[in-house]
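1. Need coordinates for the following:
(4 chains)
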There are 2 protein chains.
Amino acid sequence: MTAARSVDNQAVPGDAVAVGGVGRVGPRDGVPPSGWTVQMNALGEFIRAQRQLANLSLREMAAMTSVSNAYLSQVERGLHQPSLKVLHSIAAALQLSTEQLLAQAGWVSGTREAASGNGTEEAIRTDPRLTPEQRAALLGVYRSFVEPE
Amino acid sequence: MTAARSVDNQAVPGDAVAVGGVGRVGPRDGVPPSGWTVQMNALGEFIRAQRQLANLSLREMAAMTSVSNAYLSQVERGLHQPSLKVLHSIAAALQLSTEQLLAQAGWVSGTREAASGNGTEEAIRTDPRLTPEQRAALLGVYRSFVEPE
DNA sequence: CATCGGCGTTAAGTATGTCAATCAGGGTGA
DNA sequence: TCACCCTGATTGACATACTTAACGCCGATG
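-> Okay, the predicted model is just below:
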């Protein structure tokens, strides 16, 4: 765990995936014909991560998306493939574009700018809400993260 | 049911489908909770057009996509909302990108540029070069900077 | 004419997405 | 302690996606 905020992670018996290991999911294109459940899993984990990052409970998100918390739970755990409609609502609630969600699920290969990753630097640099000192600090942290050595 | 459909035979193209101009209202709405059949219709028409353009019969396309011709027919007629899996197969068969199909269906808003300042948050959250922990940490710092309270 | 084979559509069945109600656990305050 | 309220997870009922087997129509061949 070691997340900044203690996310009350109450795993049940069996406790599936700890968020620790995976690292990141790369956008891989192609048509994985049978490796399907993998994508559901990746999508679910991504959604859960985003939701927790936004400090939303399942029920809060359910209210925003008009999707039942029960189903959201199942989607996040990779038990179901959500429809377009649901996916779209989720993206809206998380303030993401549908494409980004789809990219995470491995469905859509495009996503030019998100893949490069240096969009973050640019965003920080041009963020009008930050003071120069804050900008510098944030950039420093970010660079220390992404810099290999 | 509701065979409000004229008996016109399945003559191939040439028949004007001009049903009074759908008119693609605007890229403004997200997903109008109830007005969503419009998009199914648009998607279906687009698929049918593309298929005929490629000189494919429903059964041929069914073979390529591993989706039954019957279902393809219904999708093209706007009777059903295909799942991601099916949509992806269709896109492949028509040699289109999934994004193009989704765009036609009106699901992806294309370029979502929100200059309202949360661009940084989004960039951080979707940066593939960050681990989940790093994301959470960076986001925490950023929020502490811009926090209004 | 009759038969065959292709076309798109329909009917009925199965699989899967989705919801409302409920459960078990944990934190908080009286 | 107990009573609350909120968290995520489960269950059973229903709606929708999807398939297989048929139908009616048309053109080509015999």
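2. now check stretch A:73-93, is it near chain B?
-> Yes - using Cβ under 8 Å from any Cβ of the partner chain, stretch A:73-93 reaches chain B at A:81, A:83-85, A:87-89, A:92. Bear in mind the C-beta positions are built from the backbone N, C-alpha and C, glycine included.
3. just stretch A:128-141 next, same as before
-> Yes - Stretch A:128-141 is in contact with chain B by Cβ under 8 Å from any Cβ, via A:128-131, A:134, A:137-138, A:141.
4. And the contacts of stretch A:79-98?
-> Contact with stretch A:79-98 is made by A:40, A:43-44, A:47, A:50-51, A:54, A:56, A:61, A:64-67, A:71-72, A:74-75, A:100-102, B:30-31, B:36, B:81, B:83-85, B:87, B:102, B:105, B:107-109, B:112, B:118, B:121-122, B:125-126, as judged by Cβ atoms under 8 Å, 6 or more residues apart in numbering or on different chains.
5. quick one: the helices in chain A?
-> For chain A, the helices defined by DSSP state H cover A:36-53, A:58-65, A:69-76, A:84-93, A:98-105, A:112-116, A:119-126, A:132-146.
6. Could you tell me the least trusted of those?
-> Between those, the one with the least mean pLDDT is helix A:112-116; it has a mean of 48.
7. domain parsing for chain A?
-> The record's domain parsing of chain A by automatic domain parsing lists A:36-112, A:117-149.
8. out of those domains, deepest packed?
-> Ranked by mean neighbour count, the domains of chain A are led by domain A:36-112 with a mean of 19 (mean count of other Cβ atoms under 10 Å in any protein chain shown).
9. Could you pull up the residues touching the residue lying closest to A:Leu43 once chain neighbours are set aside?
-> Using Cβ to Cβ, 6 or more residues apart in numbering or on different chains and skipping residues adjacent in sequence, the residue nearest A:Leu43 is A:Ala105, 3.9 Å away. By Cβ under 8 Å, 6+ apart, A:Ala105 lies in contact with A:39-40, A:42-43, A:46, B:84.
10. Between which two of those is the distance greatest?
-> A:Phe46 and B:Leu84 (14.6 Å; Cβ to Cβ).
11. What are the phi and psi values at the residue lying closest to A:Met40 once chain neighbours are set aside?
-> Nearest residue to A:Met40, sequence neighbours excluded (Cβ to Cβ, 6+ apart): A:Gly78, at 4.6 Å. Dihedral angles of A:Gly78 (phi, psi; degrees, to the nearest 10) stand at phi 80, psi 20.
12. Which positions in chain A make contact with DNA strand C?
-> Applying Cβ under 7 Å from any atom of the strand, we find that chain A lies next to DNA strand C at A:8, A:10, A:66-71, A:74-75, A:80-83, A:85-86.
13. swap the cut-off to 10 Å and go again
-> Within chain A, the positions lying close to DNA strand C (Cβ under 10 Å from any atom of the strand) are A:6, A:8, A:10, A:12-13, A:36, A:40, A:58-59, A:62, A:65-75, A:79-87, A:89-90.
14. ok so, going back, adding distance to B:Leu96, write the helices of chain A out as a markdown table.
-> Shown next, in a markdown table, are the helices of chain A (distance: least, Cβ to Cβ, whole Å):
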| stretch | distance to B:Leu96 |
| --- | --- |
| helix A:36-53 | 20 |
| helix A:58-65 | 28 |
| helix A:69-76 | 27 |
| helix A:84-93 | 16 |
| helix A:98-105 | 15 |
| helix A:112-116 | 17 |
| helix A:119-126 | 26 |
| helix A:132-146 | 34 |
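15. and of those, who's closest to B:Glu147?
-> Proximity to B:Glu147, assessed across these by Cβ to Cβ, is greatest for helix A:132-146 (11.4 Å).
16. what packs against the closest one?
-> When contacts are defined as 3 or more Cβ pairs under 8 Å, 6 or more residues apart in numbering or on different chains; DSSP states H and E, helix A:132-146 packs onto helix A:119-126, helix B:132-146.
17. Would you mind getting the angle between the shortest one and helix B:119-126?
-> Direction vectors for helix A:119-126 and helix B:119-126, defined by axes from the mean of the first three to the mean of the last three Cα atoms, to 10 degrees, enclose an angle of 160 degrees.
18. Likewise for the last one?
-> Taking the same axes, to 10 degrees, one finds helix B:132-146 and helix B:119-126 inclined to each other by 170 degrees.
19. does any bit of helix B:132-146 sit next to DNA strand D?
-> No - judged by Cβ under 10 Å from any atom of the strand, helix B:132-146 makes no contact with DNA strand D; its nearest approach is 15.1 Å.
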